[in-house]
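> Got a predicted structure here, sequence first:
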Amino acid sequence: MTSATGKLHCAMSTTSFSTRRHANAYASKQSRDLQRTNALLQAQQEAAIDGILIIDENRTIASFNQKFSQLWQIPAALLQTRDDRQLLGWVLDQLINPDEFLTKVEYLYQHPEESNRDEIFLKSGKIFDRYSAPVPKQQGACGETSPLKDYYGRIWYFRDITEYKQAEAELRASQQRLTLLIEQTPLAIIEWNTNFEIQTWNRAAERIFGYTTEEMLGNSFEII
């Protein structure tokens, strides 16, 4: 014969077991989802063409990709320290203007809401494009605290643009040489667009046709 108390105890135990089972299943799913999200983020980070560095609100290295360590040739032992100031010292030794670099870095850490983009010139002759932005707290995040209130740190992107800048400089030099050639040649050089509006009228054209560059630019070629 089973007492009412025994039935109640049995029912409560069953309910408690069911609650724990559901809680464990939920926690397990949350853990799997978190692992999946982290794996996707890591894959995305490693596939990026930029060197990526994330510094948390305590000035500790939170994350980085291999491209970042390759760009700056950083020893693995240094990265393992997770010490942003040691890392900064390593980077400063490679720069033409370390004081300017450090001033900008400290300014951005003191103004966590700001973003910035600039170019970094290295002693090796390389040029890096640098972009930095805050890592904001997601809306709806509860129970998490940060010394920076709405920010969890800062993300830095670095890209080697040396070849691009060299190509840009070569193109600019080529354009300058062409401009000099056009102005110095004894031949009249005239350029017009698809509407036959004059775009280029050099000194020789001025001498040969008797019209100045100011008079001809933008006018129809038919007036000659």
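Sure, I can see it.

> Please state the offset of the particular helix or strand that has residue 78 in it from the chain centre?
Residue 78 is located in helix 76-80, with elements delineated by DSSP states H and E. Distance of helix 76-80 from its chain centroid, counting by Cα atoms, centre = their mean, to the nearest Å, is 22 Å.

> Okay, buried residues for it please.
When burial is assessed from 16 or more other Cβ atoms under 10 Å, helix 76-80 yields the following buried residues: 78-79. Where C-beta positions appear, they are placed from N, C-alpha and C, glycine not excepted.

> cool, and stretch 152-169?
Those buried within stretch 152-169 under the rule 16+ other Cβ under 10 Å are 152-162.

> List just the nearest of the residues you listed to residue 126.
residue 162 (4.7 Å; Cβ to Cβ).

> pretty sure the closest one is in contact with residue 126, am I right?
Yes - look at residue 162 against residue 126 with Cβ atoms under 8 Å: they come within range, at 4.7 Å.

> and the next element down the chain from the helix-or-strand element of the chain with minimal mean pLDDT?
Within the chain, judged by mean pLDDT, DSSP states H and E, the helix or strand with the poorest mean is helix 4-47; its value is a mean of 57. Downstream of helix 4-47, the next assigned helix or strand under DSSP H and E is strand 51-56.

> Just give me how far whichever helix or strand comes after that following strand sits from the chain centre.
Next in sequence after strand 51-56, counting helices and strands by DSSP H and E, comes strand 61-64. The chain centroid and the centroid of strand 61-64 are separated by 15 Å, computed with Cα atoms, centre = their mean.

> From the contact counts, what lies against strand 61-64?
strand 51-56 (3 or more Cβ pairs under 8 Å, 6 or more residues apart in numbering; DSSP states H and E).

> For the residue found closest to residue 50 once you drop the neighbours it is linked to in the chain, which residues are in contact?
Closest residue to residue 50 apart from its sequence neighbours, by Cβ to Cβ, 6 or more residues apart in numbering: residue 157 at 4.4 Å. Residue 157 makes contact with 50-52, 129-132, according to Cβ atoms under 8 Å, 6 or more residues apart in numbering.

> for residue 64, same thing?
Counting by Cβ under 8 Å, 6+ apart, residue 64 makes contact with 51-54, 79.

> so which of those is the most crowded?
residue 53 (25 neighbours; other Cβ atoms under 10 Å).

> what's the pLDDT at it?
Per-residue confidence (pLDDT) for residue 53: 95.

> For the contacts of residue 157, which entry has the maximal number of neighbours?
With neighbours taken as other Cβ under 10 Å, the top of the contacts of residue 157 is residue 51, carrying 22 neighbours.
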